[in-house]
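Q: Make a model of this:
(one chain, ligands or ions: 3)
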Amino acid sequence: MPDKRMTEEDALLFHAQGRPGKLEIAPTKPLTTQRDLSLAYSPGVAVPCLRIADDPAAAYDYTARGNTVAVISNGTAVLGLGAIGALASKPVMEGKAVLFKRFADVDGIDLEVDTTDVDEFVNCVRFLGKSFGGINLEDIKAPECFIIEQRLRELMDIPVFHDDQHGTAIIAAAGLLNALYLTGRDIKDCKLVVNGAGAAAIACVELVKALGVQHDNVVMCDSKGVIYQGRSEGMNQWKSAHAVKTKDRTLEEAMKGADAFFGLSVKGAVTPKMVEEMAEKPIIFAMANPDPEITPDEVKSVRKDAIVATGRSDFANQVNNVLGFPYIFRGALDVRASTINDEMKMAAAQAIASLAREDVPDEVAAAYGGMKLVFGPEYIIPAPFDPRLIVAVPAAVAKAAMDSGVAHKPIIDMEAYKQELQERLDPTASMLNLIFEKVRSNPRRVAFAEGEEERVIRAAIAFRNAGYGKPVLIGREDRIKQTMDQLGLAEAGGDLEIFNARLSHRNNRYADFLYNRMARKGLMYRDCQRLVKLDRNVFASCMLALGDTDAVVSGTTRTFSDTFEGISRVIDPRAGEQVMGLLIVVARGRTIFVADTSIHELPDSETLADIAEQTADFARSLGHEPRVAFMSASSFGNPVRAKADRIAEAVKVLDGRKVDFEYDGEMSPSVALNHDHMKRLYPFCRLSHSANVLVMPGLHTAHVSTRLLQELGGGTVMGPLLMGLAKPVQIVQTGASVNDLVNAAALAVHDALR
Ligand SMILES: NC(=O)C1=CN([C@@H]2O[C@H](COP(=O)(O)OP(=O)(O)OC[C@H]3O[C@@H](n4cnc5c(N)ncnc54)[C@H](OP(=O)(O)O)[C@@H]3O)[C@@H](O)[C@H]2O)C=CC1
Ligand SMILES: CC(=O)C(=O)O
Ligand SMILES: [Mg+2]
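A: Ligands and ions are numbered 1, 2, ... in the order given. Below you'll find the model as predicted:
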C-alpha cells in the first residue's frame, strides 16, 4: 500500500541527496590547534586510557560509551521484507540510529553482521561490548533471534535488547491495555488471535500473558496455520510453549468470535471476511511493515465498531516500536543498567499507556488537528512526535531499573532527571514537526512563482504528496509539461494546476488592482499590464492579494532583492511590523535565531528594537525563551567603533517599551554566545545565559555571517524566513534545494493559518 505522502523516487532521492545515507559522526571536542591534538590524541589520550585500565567504570566519564548503542542486524527479517541480507538492511539500521538520536539523544551506530550462523553472529557481537553502553538487536529472524539474544545476555554485562521482540511487545501491550479499557473488556477474558509466531509475535504474546491475558485465550498462527497442541510441522520450542488445545486449523477459523487480533506476519494475511466474524468492537493491530495484514479502510468497510492500529505513520494509532526503543535505552543508559529486565519493560508499557489517557497539551493537539487526539478508538497510543514521551518513558524505565536492583548508577533527584530529559529534546525540531503536522491538517493552496524550473516542479509534487496543500505552478504549460516528461514526472505531476501569466484570463483584474496601488507611484496602466504578464512574482502576488492562492513561494532564479521588489509592489507589510529575514541555526545542541538577514541595510535603533521584538516572539512560538543580544564588533563600547551608538541605543528603546524578554548589547558573538566569557568580562550583562536571538547590526554583517554559517557551520540552517508581510510569501535562496522549497511552502501555509 503506497504512502500517499511520497513516491518511490522521493524515498530514493531522500537517501541519495547530499551525503549518501542518513548518518555521520561528528566530534564533540575541538581539534583545531596543536594543543587540541596533543590532548585528544597522543600524548594526552594516554591519561584517560590509564584511568580506565585502573577502573573500567571510568570509561563512562572519559569516552562516549555511556551514550552509545549499537544497532546490530544480520538482515534475516528486515521489516516484513524477509531475509534481504545484511547489506540491504543498512537503510533500516541507519534509520533506527537516527531515531535513537532524534527522539532520545542516544548515539546509535549501525553494524550489519554478514552471517546467518548463530555462533558466528554471537561471537562477533560478544567481543564488541566494551565499545557500547547497550546493544539493540534488530530484524533478526526467529527462532535464531531467541538463541542469539539469550546467549548475548549471558555473555555481556550491558543491556542486550532485541527491539523487534521487546520494543514491539511493549508498544503492542500498551495499545492493548488501552483498547481493552475503551471496549470495556477485562484482560483475563480477552480472546486474542496472533498471526505470526516469530520474533515480534512470540514476545508480544509473552508480555500480554504477563499482564494478564490467559494462556488458553491466545491462539497463534504461523505460515502453516494454527499452532495447536500436537502439531509437529514447522514447530520449535518457542512456538510449542504457546500451543493450545483447539480444533481450529486456519487463521479464518481462529478469528471467529475473537476479541483482539495481533498481526506480526506479512502484508494482506487478513481478509475483511475474517474481521467480519470477530466479536463486537474488535481490536485489530495489523503491525506488519511496511504493509499491514489488512488496511484500516478494509477493516472499516466491514466493521465500523473496530479499533484499528498499524505500524505505519500515515494512519491513526501507530503501534510501532519507535515509541519504545529510544526511550527505553535512554532510561537504561542513564542509570547504567546491567540489563533491560521485565520490570523495566512493564514500566515502559504502563507509562506509554497512561500517557495516551492523559489530556493532550494544546500545542500537540492543535498540531495534529486532523486527527482526534482525545483518548478514544482513534487515539489509543501517543503519537511518535509527542514531546512528553522523552520524560515519561525513560523516567519510568530508570525507576524500574533502580527498584529491581539492576541500576549501577541510581538517580538521586528524579525531578532534576526529568528536567534533564526535557532539555535533551531539541524544541525547534519538535516544534517544526508540529508546525508541519498542523499544515498537513489544514492544507492550503500555494503558488510556486517559478513553475518552469525543474526543482520547483519536483518541490510542487513533493509538497502535494506530503499533504501540505495544493500547488499551482506559474509558467508556460508546454514548457512545464516538457520538463516533467524529461524528468519522468509526467504521471506524478500530470494533474498539477498550471497558470500561464501570459495567457491568464485573470490578467485584467490583476492589472486593475496593481494600477490602483501604483498609479500615484509612477506606473501607467500599460506598465501594470506588462508587469502582470511578464513578472511572475507580480502575477503570483496578485493571485495572493486577490484570494486566488493562499501563499506564494519564489526566489530560486533571481536575487532576493529582485524577487522582493516584484512582490512588494503588490503585498504590503503587516501593520506595525517590520519586513525582515530570519534564520534558524541549530548547531551543537543549541538553536539560535538570527535577524534581520534580508531587508534593512543599516537599521536605526527603533528598527533594531522592532526586529528584536519580532524575532523574540518567533523564538518563543518555537518553544525557546528568548535572550536577545544586539550584535556588534565591539562589546559595551569596547573598543569604540563608528556607527555602534545606534546599537547601544536600541537597548534603551527596548527599555522604554517594557518588553517581557531579556536583551542587552551591544556585544560581539564571542560574548553573546559564550556565557563564561560574558560573565567574566561583563558581569553587569543582563542576559541570564548565552544569547539565543542575535539581532544583526546591518545587512552586510548578516549576509556574511549567514553565508559563513551555511557553508562552514556544520549545523542545520533554516531560512532565511521572510517575516512581516501582510500575506504569506516565502523567498528561498537562489540554488535552494527541493527540500528547502517544500519547507518554505509549508511555512508559508503555516503563516496563512495565523
Ligand atoms: N509494528 C512494529 O513495531 C513491528 C512490526 N514488525 C513486523 O512483524 C513482522 C514479523 O517480524 P519478525 O517477527 O521480526 O519476523 P520473523 O521472521 O521472526 O517472523 C515472521 C513470522 O511470520 C510468519 N509468517 C510468514 N508468513 C505468514 C503468513 N502468510 N501467515 C501467517 N504467518 C506468516 C512466519 O511463520 P513461520 O514461523 O511459519 O515461518 C514467522 O512466524 C514483520 O512484518 C515486521 O515488519 C516487527 C517488529 C516491530
Ligand atoms: C518496526 C520494526 O522494527 C519492524 O517492522 O521490523
Ligand atoms: Mg525491526
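Q: At the geometric centre of the chain, which residue sits there?
A: residue 433 (6.0 Å; Cα atoms, centre = their mean).
Q: isn't there a helix covering that one?
A: Yes. Assessed with DSSP: H, G, I helix; E, B strand; the rest coil, residue 433 lies in a helix.
Q: Return the distance of it relative to ligand 2.
A: Distance check for residue 433 against ligand 2: by Cβ to the nearest ligand atom, to the nearest Å, it reads 19 Å. (Each C-beta comes from the backbone N, C-alpha and C, glycine too.)
Q: if I look at the residue of the chain found nearest ligand 1, how far off is ligand 3?
A: Closest contact between the chain and ligand 1, by Cβ to the nearest ligand atom, is at residue 198 (1.8 Å). Noted for residue 198: a distance of 11 Å to ligand 3, by Cβ to the ion, to the nearest Å.
Q: and if you look at residue 207?
A: Computed as Cβ to the ion, the residue 207 to ligand 3 distance reads 16 Å.
Q: these two touch, right, that residue and residue 167?
A: No. Counting by Cβ atoms under 8 Å, residue 207 stays clear of residue 167, with 10.8 Å between them.
Q: Strands of the stretch 1-150 of the chain, start to end?
A: All strands of the stretch 1-150 of the chain, identified by DSSP state E, counting those that start in this stretch, fall at 68-73, 107-112, 134-137.
Q: actually the stretch 601-750 of the chain, not the one I typed
A: Secondary structure of the stretch 601-750 of the chain by DSSP E, counting those that start in this stretch: the strands cover 627-631, 662-667, 693-695, 716-723, 729-731.
Q: Flag every buried residue along the third one.
A: Spelled out, that is strand 693-695. When burial is assessed from 16 or more other Cβ atoms under 10 Å, strand 693-695 yields the following buried residues: 693-695.
Q: pLDDT of that strand, averaged?
A: What strand 693-695 shows for mean pLDDT is 97.
Q: in the stretch 351-500 of the chain, what residue is nearest ligand 2?
A: In the stretch 351-500 of the chain, the residue that lies nearest ligand 2 is residue 384 (11.3 Å; Cβ to the nearest ligand atom).
Q: Same question for the chain.
A: Shortest the chain-to-ligand 2 distance, computed as Cβ to the nearest ligand atom: residue-wise this is residue 289, at 3.5 Å.
Q: residues near that residue, how many?
A: Neighbour count for residue 289, taken as other Cβ atoms under 10 Å: 18.
Q: That one against residue 79, yeah?
A: Yes. With contact defined as Cβ under 8 Å, residue 289 and residue 79 form a contacting pair (4.2 Å).
Q: between residue 207 and residue 167, who's got more neighbours?
A: In terms of neighbours (other Cβ under 10 Å), residue 167 is the more surrounded of residue 207 and residue 167; the figures are 28 against 23.
Q: Isn't the more buried one up against residue 328?
A: Yes. If you go by Cβ under 8 Å, residue 167 and residue 328 touch, sitting 7.1 Å apart.
Q: overlap in contacts of those two?
A: Common contacts of residue 167 and residue 328 (Cβ atoms under 8 Å, 6 or more residues apart in numbering): residue 161.
Q: okay, now whichever residue of the stretch 1-150 of the chain sits closest to ligand 3: neighbour count?
A: For the stretch 1-150 of the chain and ligand 3, the shortest gap (Cβ to the ion) falls at residue 139, measuring 4.4 Å. Neighbours of residue 139 under the rule other Cβ under 10 Å: 27.
Q: Can you pull the phi/psi pair for it?
A: Torsion angles at residue 139 (phi, psi; degrees, to the nearest 10) stand at phi 50, psi 50.
Q: now it: how far from residue 96?
A: Relative to residue 96, residue 139 is positioned 9 Å away (criterion: Cβ to Cβ, to the nearest Å).
Q: Just give me the neighbour total for the closest residue in space to residue 334 that isn't next to it in sequence.
A: Closest residue to residue 334 apart from its sequence neighbours, by Cβ to Cβ, 6 or more residues apart in numbering: residue 398 at 5.5 Å. Per other Cβ under 10 Å, the neighbour tally for residue 398 reads 27.
Q: so when I look at residue 398, I'm seeing a helix, right?
A: Yes. Per three-state DSSP, residue 398 lies within a helix segment.
Q: List phi and psi for residue 213.
A: Per degrees, to the nearest 10, the backbone of residue 213 is at phi -70, psi 140.
Q: Report the mean per-residue pLDDT for stretch 94-101.
A: 97.
Q: Check which residues of that stretch are buried.
A: Here stretch 94-101 shows 94-100 as buried, counting by 16+ other Cβ under 10 Å.
Q: and it, C-alpha only, in PDB?
A: Presented in PDB, the C-alpha positions along stretch 94-101 are these (Å, rounded to 0.1, in the frame of the first residue of the first chain):
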ATOM      1  CA  GLU A  94      20.800   3.700   9.900                       C
ATOM      2  CA  GLY A  95      17.200   4.800  10.300                       C
ATOM      3  CA  LYS A  96      17.000   3.200  13.800                       C
ATOM      4  CA  ALA A  97      20.200   5.000  14.700                       C
ATOM      5  CA  VAL A  98      18.700   8.300  13.600                       C
ATOM      6  CA  LEU A  99      15.600   7.700  15.600                       C
ATOM      7  CA  PHE A 100      17.700   7.000  18.700                       C
ATOM      8  CA  LYS A 101      19.300  10.400  18.200                       C
END
